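Q: this one's sequence-less:
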């Protein structure tokens, strides 16, 4: 069932719209208007209707807009609106040019006027919904997507509007409604938009890991390019996070770990080059108590990147245990990992460009097994130290003012690390991908004919 309850624009936007309509200056200057009048006369011979003339002006405006000539484009869009008030391309194009000139309130006011007039054209409602998502107004996007679904006639239109409604519901915190739509979206739309899967995973209930496995299987069918590997890695991280909410339930906890394991493996299958994928698989195997798989993944990680110290270090602890075990079940005894996690405030580091310089410098200090540095200022370093080789105090003395004199390291905290899984978690957490925020593109339309 598609709801059709209209959402009122916020007081702020209504006020902005009133200011623009009543007292704002014209969107373009008199010279631009004069030029458009000349063009209108040239393109309006006897017998050409106002509707056709408006369409020609919109086409010209779109070309100018693409060339970055926004003031001229605005003049053409406004003249087109004056000739044909039903030309939604002119209204949406005008809103875009105003947005590009950073005249946000004027742009939003135009969109709200369009929303209040409720059109009968699918593309109009769908593109208006995209514009509302661009401006992070998902409640209005829910309504326009619902209208678009009612107007959809082709399978493509039904698919696009259903996906838009699904994403809009998620962003409007209508999570249960979105969950109710999820299976329909996956089965009917076969989405190739990575955002669909990421946002769906984010709102998944920790109590139903099976629905996220369905989501993952759909992603495997529809996302199979190397650039999609990061999406699967991110899905795995989201699934990992769900385990924190169901630690009391071994069945659900194990199910989420299987979900994340499958997602990590798919990330690797799509693009096997990042060594981080191997470390994540090793970490997941350790969480599940699959020691043989843990060793296999550590060996692969070590062979793929010899500069990464942690896999080799953990193998030196795990392999002797593997040889010595007499456990008939095949499970390995807990490896004797004895590390200290040291967190450091890094003074003198003001950009991420020198992070790798510090990490490589620390590798020269015996006893430092791992170094990670947060990606943004203020920078925090995390170091794993084997205190059987070097004490924390001696380590701090050795790294002082390295690799450059301006760098200084202040101790924040220490914490014991007693298992391979804990050490791997520190490594994976320290090298998390920096995911760009999902930014909805402004709706694009071609000049009409």
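A: Nice, I can see it. For clarity, every value in this text was computed on a predicted model and none was experimentally measured. Numbers count the residues shown, from 1 in each chain.
Q: My guess is residue 190 contacts residue 222. True?
A: Yes. Judged on CB atoms under 8 Å, residue 190 makes contact with residue 222 at a distance of 5.3 Å. For the C-beta atoms, the positions are set from N, CA and C on the backbone; glycine is no exception.
Q: which of those two has more neighbours?
A: Ranked by neighbour count (other CB atoms under 10 Å), residue 190 and residue 222 place residue 222 first, with 17 against 11.
Q: Quick check: pLDDT value at that one.
A: Residue 222 carries a pLDDT value of 96.
Q: these two touch, right, it and residue 194?
A: No. At 9.6 Å, residue 222 and residue 194 do not qualify as touching, with contact defined as CB under 8 Å.
Q: Return the backbone torsion pair for residue 371.
A: Here is the backbone geometry of residue 371 (degrees, to the nearest 10): phi -140, psi 130.
Q: quick one: contacts for it?
A: 358-359, 362-363, 381-384 (CB atoms under 8 Å, 6 or more residues apart in numbering).
Q: Also residue 338?
A: Residues in contact with residue 338 (CB under 8 Å, 6+ apart) are 386-388, 416-418.
Q: ok, now residue 337?
A: Residue 337 neighbours (CB under 8 Å, 6+ apart): 314, 317, 417-420, 422-423.
Q: Of those residues, which belong to strands?
A: Among these, DSSP state E puts residue 417 in strands.
Q: Filter the contacts of residue 337 down to just the ones in helices.
A: Among the contacts of residue 337, the residues falling in helices (DSSP state H) are 314, 317, 420, 422-423.
Q: Take these and lay them out in TSV including distance to residue 244 and neighbour count.
A: TSV is the format used below for the ones in helices among the contacts of residue 337 (distance: CB to CB, whole Å; neighbours: other CB atoms under 10 Å):
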residue	distance to residue 244	neighbour count
314	24	27
317	27	16
420	20	27
422	15	17
423	19	24
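Q: which residues touch the top helix by length along the chain?
A: With secondary structure taken from DSSP H, the chain has its longest helix at helix 250-270. Here helix 250-270 makes contact (CB under 8 Å, 6+ apart) with 206-207, 209-210, 212-213, 216, 219-220, 223-226, 228-233, 235-237, 239-240, 242-243, 246-247, 277-278, 280-281, 284-285, 287-288.
Q: again, only this time at 7 Å
A: 207, 209, 212-213, 216, 220, 224, 226, 228-229, 232-233, 235-236, 239-240, 242-243, 246-247, 277, 280-281, 284, 287-288 (CB atoms under 7 Å, 6 or more residues apart in numbering).
Q: Following element in sequence after it, please.
A: helix 275-288 (DSSP states H and E).
Q: Output the contacting helices and strands for that following helix.
A: helix 250-270, helix 291-304, helix 420-430 (3 or more CB pairs under 7 Å, 6 or more residues apart in numbering; DSSP states H and E).
Q: Need the ones you listed in a markdown table (columns: mean pLDDT and distance to residue 104).
A: What follows is these, written out as a markdown table (pLDDT from 0 to 100; distance: least, CB to CB, whole Å):
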| stretch | mean pLDDT | distance to residue 104 |
| --- | --- | --- |
| helix 250-270 | 96 | 38 |
| helix 291-304 | 92 | 47 |
| helix 420-430 | 93 | 37 |
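Q: quick one on the thing from earlier: report the two of the ones in helices among the contacts of residue 337 separated the most.
A: 317 and 422 (12.6 Å; CB to CB).
Q: angle of the longest helix of the chain against helix 291-304?
A: 30 degrees (axes from the mean of the first three to the mean of the last three CA atoms, to 10 degrees).
Q: Which element, helix or strand, includes the nearest residue to residue 135 once chain neighbours are set aside?
A: Nearest residue to residue 135, sequence neighbours excluded (CB to CB, 6 or more residues apart in numbering): residue 108, at 5.9 Å. In the assignment (DSSP H and E), residue 108 maps to helix 104-117.
Q: ditto for residue 410
A: strand 408-417.
Q: any low-confidence regions in the chain?
A: 1-48, 320-335, 432-440, 445-449 (pLDDT under 70).
Q: per the record, what domains does it have?
A: 11-170, 190-267, 339-429 (automatic domain parsing).
Q: Could you point out which of the ones you listed sits nearest residue 302?
A: Nearest of the domains of the chain (CB to CB): domain 339-429, 12.7 Å.
Q: Quote the end-to-end distance of that closest one.
A: Distance across domain 339-429, first residue to last, is 17 Å (CA to CA, to the nearest Å).
Q: Equivalent analysis for stretch 96-113, please.
A: From its first residue to its last, stretch 96-113 covers 14 Å (CA to CA).
Q: what's around the nearest residue to residue 360 once chain neighbours are set aside, how many residues?
A: By the measure of CB to CB, 6+ apart, the closest residue to residue 360 outside its immediate chain neighbours is residue 403, 7.8 Å from it. By other CB under 10 Å, 14 other residues sit near residue 403.
Q: how much space between residue 403 and residue 183?
A: Distance, residue 403 to residue 183, by CB to CB, to the nearest Å: 54 Å.
Q: again with residue 137
A: 27 Å.
Q: In terms of neighbours, single out the busier of those two.
A: residue 137 (24 against 13).
Q: tell me the contacts of the more buried one?
A: Applying CB under 7 Å, 6+ apart, no residues qualify as near residue 137.
Q: Mind doing that once more with 8 Å?
A: residue 108.
Q: From residue 239, how far out is it?
A: 30 Å.
Q: same deal with residue 174?
A: Using CB to CB, we find residue 174 at a distance of 23 Å from residue 239.
Q: So which of those two has more stuff around it?
A: residue 239 (28 against 19).
Q: didn't the more buried one look like it was pressed against residue 212?
A: Yes. At 6.3 Å, residue 239 counts as touching residue 212 under the criterion of CB under 8 Å.
Q: residues shared between the contacts of the two?
A: Common neighbours of residue 239 and residue 212, using CB under 8 Å, 6+ apart, are 201, 256, 259.
Q: so what's the nearest residue to residue 294 once chain neighbours are set aside up against?
A: Nearest residue to residue 294 in three dimensions, chain neighbours excluded: residue 285, at 4.2 Å (CB to CB, 6+ apart). Contacts for residue 285 (CB under 8 Å, 6+ apart) come out as 261, 291, 293-294, 297.
Q: Farthest pair within those residues?
A: Between any two of the contacts of residue 285 (CB to CB), the greatest distance is 14.6 Å, for 261 and 291.
Q: which ones are touching the nearest residue to residue 313 once chain neighbours are set aside?
A: Distance criterion CB to CB, 6+ apart; nearest residue to residue 313, sequence neighbours excluded, is residue 369 at 4.9 Å. By CB under 8 Å, 6+ apart, residue 369 lies in contact with 309-310, 313, 339, 384-386, 423.
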